[in-house]
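Trainee: for reference, the sequence and a predicted model appear below.
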Amino acid sequence: MSLNLKRRALGLAAVALLASGAVLADTSTVKIFVGFPPGGGTDAIARILAEKLEKPLKASVIVENKAGAGGQLAAQALKAAPADGSVLFLSHDHSISILPLTLRNPGFDPDQDFVPVAGFATFANGLAVSGGTPAKTYAEYLAWVKQDVKARGTVGTPAPASTPEFLVQVIGQQNKLDLQSAPYRGSAPMMADMLGNQIAAGTGSVPDFIENHKAGKLRVVAVIGTKRQATLPDVPTFAELGIQGFEDLPYYGLFAPKGTPPAVIDRYASALAGVLALPEVRERLTAMGLTVDYMSPQQLGERERTYRASWARIIKASGFQSK
């Protein structure tokens with residue numbers, strides 16, 4: 001090929017790259033949407049990663065909270081965002097995998113509207129009791145509630161129709177207790193009521209509970225999964241306590257709008273892998289109750305689809321009706 005033809009080919013390739021939106025090097029600011037208010041576990045995780053991603057991405061990475069409807073508003077905002085690498089969505093399982101199963105019209109389709117960037121952790125949901133509750137264990141909590149179910153049987157959840165809410169339902173069914181879920185707009189307001197002893201118990205992610213558990217302000221009494229959490233070695237799993245079906249751990253990942261060029265996705269995935277390799281980041285995330293587990297775009301996509309299929313069966317068996 002002549003020099004002129006080579007230059008022409010390179011020029012056409014550059015034009016195609018620009019047209020595709022793969023101009024990450026020119027993106028001076030990258031937004032990470034978070035579907036929950038500031039102060040919760042997901043927000044804290046996003047801010048840790050955003051700070052460390054700035055160097056490898058050579059961009060300012062900011063967290064933008066789009067709280068409401070259990071992450072639904074943030075997911076809808078991601079769908080409407082430009083597919084040019086300027087916007088990402090940091091989400092756990094609820095917004096991406098569960099909402100499409102519990103809402104008739106969530107306003108997005110994870111298969112049609114999003115593309116996985118990379119996963120970075122798994123975590124456990126758990127049941128925690130407030131500091132003012134006398135119970136120290138799961139069995140003591142159940143015995144305490146049975147004394148006055150009407151007054152004591154309300155359990156907070158960080159979002160309606162979420163895995164923590166289904167957990168409340170199963171706990172009640174298996175123990176013949178009329179437990180009532182009290183859904184909040186995220187974990188931060190739920191935690192505020194738990195710390196103020198306005199509500200006796202709550203279900204949510206270990207990252208949301210861990211600091212206050214360590215401080216003795218509340219007590220996690222059971223967690224999901226097949227084994228105990230490293231940060232909570234004395235807390236039994238629900239499986240140990242006889243409640244089956246909650247062995248599959250939820251995940252955290254980054255997602256981009258559908259149509260984001262593969263080159264951009266690969267660069268973000270590589271940057272996240274590098275950040276997760278930093279001892280400081282691993283230590284901070286682990287201390288929050290996460291199990292750091294990098295997943296490539298392909299692995300995260302498969303993880304999300306498998307998780308969604310598993311919960312589709314659980315939700316159908318529960319008799320839940322989509323709203």
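Mentor: Now that the structure is in, tell me what you want to look at.

Trainee: from now on I want contacts and neighbour counts done on CA atoms only, so please keep to that.
Mentor: Noted.

Trainee: CA atoms only: put stretch 82-94 into PDB for me.
Mentor: Output of stretch 82-94 as PDB, limited to C-alpha atoms (Å, rounded to 0.1, in the frame of the first residue of the first chain):
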ATOM      1  CA  PRO A  82     -25.100   9.900  25.400                       C
ATOM      2  CA  ALA A  83     -23.200   6.700  24.500                       C
ATOM      3  CA  ASP A  84     -19.900   8.500  24.400                       C
ATOM      4  CA  GLY A  85     -18.100   7.400  27.500                       C
ATOM      5  CA  SER A  86     -19.100  10.400  29.500                       C
ATOM      6  CA  VAL A  87     -21.700   8.700  31.700                       C
ATOM      7  CA  LEU A  88     -21.600   5.400  33.700                       C
ATOM      8  CA  PHE A  89     -24.000   3.900  36.200                       C
ATOM      9  CA  LEU A  90     -22.600   2.200  39.400                       C
ATOM     10  CA  SER A  91     -25.300  -0.200  40.500                       C
ATOM     11  CA  HIS A  92     -25.900  -3.300  42.500                       C
ATOM     12  CA  ASP A  93     -28.300  -6.000  41.600                       C
ATOM     13  CA  HIS A  94     -31.500  -4.300  42.600                       C
END
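
Trainee: which residues touch the nearest residue to residue 312 once chain neighbours are set aside?
Mentor: Of all residues not flanking residue 312 in the chain, residue 101 sits nearest, at 6.5 Å (CA to CA, 6 or more residues apart in numbering). Residue 101 makes contact with 308, 312, 315, 322 under the criterion CA atoms under 8 Å, 6 or more residues apart in numbering.

Trainee: for residue 83, same thing?
Mentor: Counted by CA under 8 Å, 6+ apart, residue 83 has contacts 21, 256-261.

Trainee: ok, and the most crowded of those?
Mentor: Within the contacts of residue 83, most neighbours by other CA atoms under 10 Å means residue 256, with 29 neighbours.

Trainee: beta partners for that one?
Mentor: Beta bridges link residue 256 to residue 115, judged by DSSP bridges.

Trainee: show me the contacts of residue 83 that map onto strands.
Mentor: Counted as lying in strands by DSSP state E, out of these, are 256-257.

Trainee: out of the contacts of residue 83, the closest to residue 192 would be?
Mentor: Taking CA to CA as the measure, residue 192 sits nearest to residue 256 out of the contacts of residue 83, at 31.7 Å.

Trainee: what comes up buried for stretch 98-114?
Mentor: Neighbour-count burial for stretch 98-114 flags 98-102, 106, 108-110, 113-114 (criterion: 16 or more other CA atoms under 10 Å).

Trainee: buried sites along the helix or strand residue 33 falls within?
Mentor: Per DSSP states H and E: residue 33 is located in strand 29-34. Using 16+ other CA under 10 Å as the burial criterion, the residues of strand 29-34 that qualify are 29-34.

Trainee: straight-line length of stretch 153-162, end to end?
Mentor: 18 Å (CA to CA, to the nearest Å).

Trainee: quick one: average pLDDT of that stretch?
Mentor: Summarised as a single mean, pLDDT over stretch 153-162 is 93.

Trainee: list the contacts of that stretch.
Mentor: Against stretch 153-162 from outside (CA under 8 Å, 6+ apart): 69-70, 94, 98-99, 102, 145, 164-165, 168, 177-187, 190, 199-204.

Trainee: would you point out the most distant pair within the buried residues of strand 29-34?
Mentor: Largest separation among the buried residues of strand 29-34 by CA to CA: 29 and 34, giving 16.0 Å.

Trainee: can you name the residues in contact with the strand or helix carrying residue 139?
Mentor: Applying DSSP H and E as the criterion places residue 139 in helix 138-146. Residues from elsewhere that reach helix 138-146 (CA under 8 Å, 6+ apart): 129, 134-135, 152-153, 177, 221-222.

Trainee: check the offset of that helix from the chain's centre.
Mentor: The chain centroid and the centroid of helix 138-146 are separated by 29 Å, computed with CA atoms, centre = their mean, to the nearest Å.
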